[in-house]
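> Mind folding the following:
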Amino acid sequence: TSNMLIPVSPSVTTTYTISQFSSCCPYWGQLIDAVLIPLRSVTVTVLQPPTLSSTMDSLSICLGDSVVLNASGAANYSWSGGVTNNVAFTPTATSTYTVTGSGANGCSSTSTVSVSVHNCLGVKLMLQGYYLNAGSMTTVLQNQMIGTSATYVDTVEIELHDAAWPYSLVHACSTIVNITGNAICYFPNSMVGGNYYIVVKHRNSIETWSSQAVNFQPNTSYDFSVSANKAYGNNQKEVENGVWAIYSGELNHDENIDLLDLSILDNDINNFQFGYFASDINGDGNVDLLDSPIMENNILGFIFSNQP
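Residues are numbered from 1 along each chain as shown. Model (predicted):
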């Protein structure tokens with residue numbers, strides 16, 4: 001049939017041959033054979049689109065932070081949202097950005113990056129047992145064979161509580177505190193303009209509340225480490241001149257550092273425990289006699305959690 005259209009979708013360069021069957025002469029009234037006669041060949045050249053790669057598929061930032069989106073693998077790039085490849089910009093809302101990359105052969109491909117923009121609470125805190133000197137803590141997770149980060153200390157829980165009795169929990173997040181004591185917690189838009197107590201919880205530290213309720217704006221910061229009175233009831237330990245830390249040694253989470261915690265520590269020492277154990281008070285990766293002095297001093301000091 002003339003003008004027949006046959007759709008094809010080759011993934012690589014392919015040659016197609018158009019042929020027809022031609023019958024041989026009949027013999028004694030019978031069709032002897034049919035012959036396949038090639039008429040024309042067509043080569044379809046498939047040009048490969050560029051393989052795009054970007055520095056990340058998604059990321060989260062605080063409101064007001066700048067970000068750089070960078071794609072590679074093509075000759076030219078066009079981003080949605082007015083973004084320029086490898087040039088910093090400041091997103092104002094959570095968005096997904098699409099980049100189209102075109103190669104020298106004229107083919108193109110696309111990729112997307114999602115940027116989540118959050119309200120952020122920046123908290124700075126020191127943990128007594130992990131403190132080294134000069135405003136720095138040890139790399140506990142690395143010492144305890146959890147990852148290889150040279151900047152991570154440990155996971156902390158940050159809770160936000162109502163300013164008035166019964167001080168109900170409004171929001172909580174789990175985050176990593178780094179060696180300089182900084183941690184970030186995201187919080188929802190509904191909390192902007194409200195006043196909340198900031199509560200820090202950690203696997204071997206006393207629960208510690210901010211000295212007063214803090215007014216929350218899209219970007220809010222609070223530094224426990226600059227003074228004892230940044231904690232409710234001045235409940236911190238000065239670990240270096242002008243540097244204050246949350247008390248360590250609370251293992252059973254009864255809001256007191258006492259002999260019940262010491263029995264847990266002694267048991268782990270006797271069992272030669274090492275690795276990811278809360279009883280590793282100084283964060284060196286081993287539970288041993290070096291962990292005892294901090295806890296024993298806090299027991300003698302009758303340390304407990306001060307709360308409104």
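> now what about the longest helix along the chain, what contacts it?
Counting residues, the longest helix found in the chain (DSSP state H) is helix 259-270. For helix 259-270, the external contacting residues (C-beta atoms under 8 Å, 6 or more residues apart in numbering) are 249-252, 254, 277, 279, 281, 287-289, 291-292, 295-296, 299. All C-beta atoms are positioned from the backbone trio N, CA, C, and that covers glycine.
> which one among the residues you listed gets closest to Thr51?
Phe277 (45.4 Å; C-beta to C-beta).
> before we move on, the earlier item: restricted to helices, list the contacts of helix 259-270.
Counting by DSSP H, those place Ser292, Met295, Glu296, Ile299 in helices.
> Redo those residues as CSV? Include distance to Val177, pLDDT and neighbour count.
CSV is the format used below for the ones in helices among the contacts of helix 259-270 (distance: C-beta to C-beta, whole Å; pLDDT from 0 to 100; neighbours: other C-beta atoms under 10 Å):
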residue, distance to Val177, pLDDT, neighbour count
Ser292, 24, 98, 17
Met295, 20, 98, 27
Glu296, 25, 98, 15
Ile299, 25, 98, 17
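> Quick one: distance of stretch 41-55 to the chain centre.
34 Å (C-alpha atoms, centre = their mean, to the nearest Å).
> and that stretch, which residues are buried?
Neighbour counts over stretch 41-55 (16 or more other C-beta atoms under 10 Å) mark Pro49, Pro50, Leu52, Ser54 as buried.
> Can you name the helix or strand that the second one falls in?
Taking DSSP states H and E as the definition, one finds Pro50 inside no helix or strand.
> residues in contact with it?
Gly73, Ala74, Ala75, Gly101, Ser102, Gly103, Cys107, Ser108, Ser109.
> what does the first one give?
Contact criterion C-beta under 8 Å, 6+ apart gives Gly103, Cys107, Ser108, Ser109 as the residues in contact with Pro49.
> which among these end up buried?
Judged by 16+ other C-beta under 10 Å, buried ones among those: Gly103, Ser108, Ser109.
> Inside strands: which ones of those?
Among the buried ones among the contacts of Pro49, the members falling in strands (DSSP state E) are Ser108, Ser109.
> Dump the buried ones among the contacts of Pro49 into CSV; add pLDDT and distance to Trp244 as well.
CSV is the format used below for these (pLDDT from 0 to 100; distance: C-beta to C-beta, whole Å):
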residue, pLDDT, distance to Trp244
Gly103, 91, 58
Ser108, 93, 57
Ser109, 93, 54
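> where are the low-confidence patches of the stretch 1-150 of the chain?
1-4, 19-39 (pLDDT under 70).
> And the strands in it, which stretches?
14-23, 26-27, 30-31, 34-44, 53-54, 58-62, 71-72, 76-79, 95-102, 108-124, 131-133, 136-137 (DSSP state E, counting those that start in this stretch).
> Tell me how many other residues crowd the closest residue to Asn282 other than its chain neighbours.
Leaving aside its sequence neighbours, Asn282 sits nearest to Gly129 (C-beta to C-beta, 6 or more residues apart in numbering; 5.1 Å). When neighbours are counted by other C-beta atoms under 10 Å, Gly129 registers 27.
> Many thanks, have a good one.
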